[in-house]
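Peer 1: Quick one: sequence plus predicted model below, questions after.
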Amino acid sequence: MTNEVYSPGLEGVIAGETAISTITGGLSYRGYSIEDLAAHATFEEVAYLILYGDLPKRGELDAFNKRLGAAATVAPQVIDALRLIPPKASFMDVMRSGASFLAHFDPDAGDNSHEANLRKAERLLAQMPTVLAARHRLRSGQQPVAPDAKRSLSGNLLWMLWNEPPTDRAERAMDVSLILYAEHEYNASTFTARVIASTMSDLHSAVTGAIGALKGPLHGGANEAVMDVLAEVGSADKAEKWIRDALAAKRRIMGFGHRVYKHGDPRATYLKTLCAELAVETGHQDMERMADVIESIVVGEKKLPPNLDWPSARLYHYLKLPVDLYTPLFVVSRVVGWSAHVIEQSDNNRLIRPRARYTGPEAKKFVAVEKR
Ligand code: ACO
């Protein structure tokens, strides 16, 4: 092979082009900074922006919300299937099966045109919250709550989980977290989705594969691992000793470090403030202090800034959500980014098929089985 370039983990490699988001000069979706979007937009506006390329006008947003509301009810067979999955199954496995199962009931399954992909993306966006909430209630011995088309996606998600209306603060906190999780360039799960789309497979297959990639603790699974860390530390007064011991033992501290953001994840910076406000309102100041101690020592000693999963785990904890819902919530949001990338890949496709550097043995002569 000529011009052979090899970078372990594809670090620093430009593996394709995208017009959906960039992390250069801060994170922006389709040209809008995430700080601006998180401060002023709803998750639905952001989803529309990512999928369709620009912010919706009033009529477009109303129609989009209407379509999402109408699509949120899933086929009864999907709920039946959720009942059949053993109660102890990992929630991310349920989300993966859910995305895959929804394909069988999608009227556009088999149609990979641009328009059909947009319709499928909207339906997955509307339906994954229903799958998440229904599964959570079923495994808790409760009946699923029907989606309420009058609510926002975040409000409806919390409504379907709790069977009671969320406070404005809770709904907004969920909305902001979904905005920040929605899209992130060529991360591992998005790249997975693009590889699948590049074979001219279909959107549901790409999203199903992406969910598998997101599950790992080095990627989306980190937000759950962060909560395990905070639970292990216990209280603010134990934080300094815990983190110094953990660093001395060369433990990987979940929620810190990033392949690309070496000087800080702008999403984490933004969410930290919201998290601190919610902590005061819900009486979790001790956990905020604990997190501050850990953060200042990891940043000071290792020069590793926190990533989005560090504050988002606390945010979900303050919303009283069970830990194993954290990464599934990431799925609910990132469906938008994955779908946009599948559409972008499919619209201008070239099969993604890199080469490997061979490290195996030199050529050997075949020896018949009796003579080996
Ligand atoms: N805790 C302790 N040390 C760390 C951490 C961490 N969280 N992250 C990186 N390091 C250290 C490594 O041990 C390594 O040190 P060494 O050179 O002395 O061996 C050095 O920093 C480089 O680490 P790599 O793993 O090679 O860096 P990479 O670019 O692959 O890391 C990653 C990116 C995987 C995210 C890493 O920082 C990590 O494991 N973080 C914890 C998991 C996590 O929070 N993931 C969420 C990612 S963001 C998201 O999905 C929303």
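Peer 2: That came through, no problem.

Peer 1: contacts and neighbour counts: CA atoms only from here.
Peer 2: Noted.

Peer 1: and the chain, which of its residues are near the ligand?
Peer 2: 218-220, 222, 251-259, 307-309 (C-alpha under 6 Å from any ligand atom).

Peer 1: Select from those residues every entry located in helices.
Peer 2: Among the residues of the chain next to the ligand, the members falling in helices (DSSP state H) are 222, 309.

Peer 1: can you map out the strands along this protein?
Peer 2: With strands called from DSSP state E, the chain shows them at 21-22, 28-29, 32-33.

Peer 1: Please identify the most buried of these.
Peer 2: strand 28-29 (a mean of 22; mean count of other C-alpha atoms under 10 Å).

Peer 1: and the gap between the residue nearest to residue 47 when sequence neighbours are not counted and residue 128?
Peer 2: Nearest non-adjacent residue to residue 47, counting by C-alpha to C-alpha, 6 or more residues apart in numbering: residue 336, 6.0 Å away. Using C-alpha to C-alpha, to the nearest Å, residue 336 is found at 11 Å from residue 128.

Peer 1: who's more crowded, these two?
Peer 2: residue 336 (27 against 24; other C-alpha atoms under 10 Å).

Peer 1: Please tell me how far that one sits from residue 277.
Peer 2: With C-alpha to C-alpha as the criterion, residue 336 and residue 277 are 27 Å apart.

Peer 1: Could you do residue 30 as well?
Peer 2: Distance from residue 30 to residue 277, by C-alpha to C-alpha: 29 Å.

Peer 1: any idea how the chain splits into domains?
Peer 2: Here the domain assignment for the chain is 18-216+325-347, 222-318, based on automatic domain parsing.

Peer 1: What are the buried residues along stretch 215-235?
Peer 2: Within stretch 215-235, the residues that count as buried by 16 or more other C-alpha atoms under 10 Å are 215, 217-227, 230, 233.

Peer 1: Spatially, what comes nearest to residue 225 if we skip its sequence neighbours?
Peer 2: residue 254 (6.1 Å).

Peer 1: again, but for residue 163
Peer 2: Using C-alpha to C-alpha, 6+ apart, the nearest residue to residue 163 is residue 145, at 6.4 Å.

Peer 1: picking that back up, please convert the buried members of the residues of the chain next to the ligand into ChimeraX selection syntax.
Peer 2: With 16+ other C-alpha under 10 Å as the criterion, this ChimeraX line picks the buried residues out of the residues of the chain next to the ligand:
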select :218,219,220,222,253,254,255,256,257,258,307,308,309
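
Peer 1: Settle this for me: residue 185 is touching residue 24, isn't it.
Peer 2: No - Residue 185 is beyond contact range of residue 24, at 10.5 Å (criterion: C-alpha atoms under 8 Å).

Peer 1: more neighbours, these two?
Peer 2: Using other C-alpha under 10 Å, the more surrounded residue of residue 185 and residue 24 is residue 185, with 21 against 9.

Peer 1: Now do that one against the ligand, distance only.
Peer 2: Residue 185 is 12 Å from the ligand, where distance means C-alpha to the nearest ligand atom, to the nearest Å.

Peer 1: for that residue, what are its contacts?
Peer 2: Taking C-alpha atoms under 8 Å, 6 or more residues apart in numbering, we find residue 185 in contact with 18, 20, 21, 22, 23.

Peer 1: now with 6 Å?
Peer 2: Residues near residue 185 by C-alpha atoms under 6 Å, 6 or more residues apart in numbering: residue 21.

Peer 1: swap in the one 5 residues further on?
Peer 2: By C-alpha under 6 Å, 6+ apart, residue 190 lies in contact with residue 338.

Peer 1: swap the cut-off to 7 Å and go again
Peer 2: Residues in contact with residue 190, defined by C-alpha atoms under 7 Å, 6 or more residues apart in numbering, are 210, 338.

Peer 1: quick one on the thing from earlier: list just the nearest of the residues of the chain next to the ligand to residue 79.
Peer 2: residue 220 (25.0 Å; C-alpha to C-alpha).

Peer 1: and the gap between the spatially closest residue to that closest one that is not a sequence neighbour and residue 185?
Peer 2: Spatial nearest neighbour of residue 220, chain neighbours left out: residue 214 (4.8 Å); criterion: C-alpha to C-alpha, 6+ apart. The gap separating residue 214 from residue 185 is 14 Å, by C-alpha to C-alpha.

Peer 1: What about the closest residue to residue 26 other than its chain neighbours, how many residues nearby?
Peer 2: Of all residues not flanking residue 26 in the chain, residue 266 sits nearest, at 6.5 Å (C-alpha to C-alpha, 6+ apart). Counted by other C-alpha under 10 Å, the residues lying close to residue 266 total 19.
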